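[1] Quick one, structure for this:
(chains A and B)
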Amino acid sequence: DGGITQSPKYLFRKEGQNVTLSCEQNLNHDAMYWYRQDPGQGLRLIYYSQIVNDFQKGDIAEGYSVSREKKESFPLTVTSAQKNPTAFYLCASSMAGLGSYNEQFFGPGTRLTVL
Amino acid sequence: KQEVTQIPAALSVPEGENLVLNCSFTDSAIYNLQWFRQDPGKGLTSLLLIQSSQREQTSGRLNASLDKSSGRSTLYIAASQPGDSATYLCAVNEEYSGAGSYQLTFGKGTKLSVIP
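    From the prediction side, this is the model:
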């Protein structure tokens, strides 16, 4: 089955620790995205990548880092510099470079809680 | 900066009713608009995508319309069922930072409850 997987489903972090969230897709999509969702809020873009070995900051990149070494994978690291990391994190992917037709597909999400 | 607003924030209807969810956006220079469904604690499921050149799209009991010039979209759900209970999000796709990449800006969603 084609799709996007995220792991773990739940993640607990102590203050001061870095944690990495996994996102893998087998849709052969070029573009991948990370969003953060807080209760009662819309999704906000953290980072995105249009192609392997390239990524760009979104609206709320401070305290986060990413890598894109493989087309299928786009891991997100939440660093200790992120002041309020407790949230629901969603990964998405789409075809890229097609202008107006680039429907985004989402993974099941990771809920991160800071203890 | 693009802003997307969804009204109402919550809606409760009896089973079988037809209903309309509203989405408005401030900048009409969009490429397309997507409607998503989100169940509690889950990811987003894409329901419909309307290209900027289209007026509407249909999938089963769902019909989405787009009036780009006025910055409005509606999602019409016919003959609602309890299984339709979820949060519905709309998002507009526009060029981001002039870099030739296209990003989604989301509304906060409408939480729908269909009462049996």
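[2] ok, now how distant is residue A:107 from residue A:92?
    Remark: distance between residue A:107 and residue A:92 (C-beta to C-beta, to the nearest Å) = 7 Å. Quick note: C-beta positions are derived from backbone N, CA and C, even for glycine.
[3] next one: residue B:94
    Distance, residue B:94 to residue A:92, by C-beta to C-beta: 16 Å.
[4] okay, those two: which has more neighbours?
    residue A:92 (26 against 18; other C-beta atoms under 10 Å in any protein chain shown).
[5] Close to chain A: what parts of chain B are there?
    Within chain B, the positions near chain A by C-beta under 8 Å from any C-beta of the partner chain are B:4, B:31-32, B:34, B:36, B:41-46, B:49, B:51-53, B:89, B:91, B:93, B:96-97, B:99-109.
[6] low-scoring stretches of chain A, by residue?
    Within chain A, the ranges that satisfy pLDDT under 70 run A:1-2, A:97-101.
[7] Centroid-nearest residue for it?
    The centre of chain A sits closest to residue A:34, judged by C-alpha atoms, centre = their mean, with a distance of 2.6 Å.
[8] The helix or strand hosting that residue packs against which elements?
    Counting by DSSP states H and E, the element that carries residue A:34 is strand A:31-37. Where contact means 3 or more C-beta pairs under 8 Å, 6 or more residues apart in numbering or on different chains; DSSP states H and E, strand A:31-37 is packed against strand A:19-25, strand A:44-51, strand A:87-94.
[9] what comes into contact with the last one?
    Under the criterion C-beta atoms under 8 Å, 6 or more residues apart in numbering or on different chains, residues A:4, A:6, A:21, A:23, A:25, A:27, A:29, A:31-38, A:43, A:46, A:74, A:76, A:102-107, A:109-112, B:41, B:43-44 lie in contact with strand A:87-94.
[10] Buried ones from the residues of chain B next to chain A, can you make that a ChimeraX selection?
    Command for ChimeraX, covering only those of those found buried under the criterion 16 or more other C-beta atoms under 10 Å in any protein chain shown:
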select /B:4,31,32,34,36,43,44,49,51,52,89,91,93,96,101,102,103,104,105,106,107,108,109
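[11] export stretch A:74-87 as PDB, just CAs?
    Output of stretch A:74-87 as PDB, limited to C-alpha atoms (Å, rounded to 0.1, in the frame of the first residue of the first chain):
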ATOM      1  CA  PHE A  74      12.200  13.600   6.000                       C
ATOM      2  CA  PRO A  75      13.000  13.300   9.700                       C
ATOM      3  CA  LEU A  76      12.300  16.300  12.100                       C
ATOM      4  CA  THR A  77      14.400  17.000  15.100                       C
ATOM      5  CA  VAL A  78      12.800  19.000  17.900                       C
ATOM      6  CA  THR A  79      15.700  20.600  19.800                       C
ATOM      7  CA  SER A  80      15.900  21.900  23.300                       C
ATOM      8  CA  ALA A  81      15.800  25.400  21.900                       C
ATOM      9  CA  GLN A  82      12.100  24.900  21.000                       C
ATOM     10  CA  LYS A  83      10.300  26.600  23.900                       C
ATOM     11  CA  ASN A  84       6.900  25.000  23.700                       C
ATOM     12  CA  PRO A  85       7.300  21.700  21.800                       C
ATOM     13  CA  THR A  86       4.200  19.900  23.100                       C
ATOM     14  CA  ALA A  87       1.900  19.500  20.100                       C
END
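[12] Flag every buried residue along it.
    Neighbour counts over stretch A:74-87 (16+ other C-beta under 10 Å) mark A:74-76, A:78, A:82, A:85, A:87 as buried.
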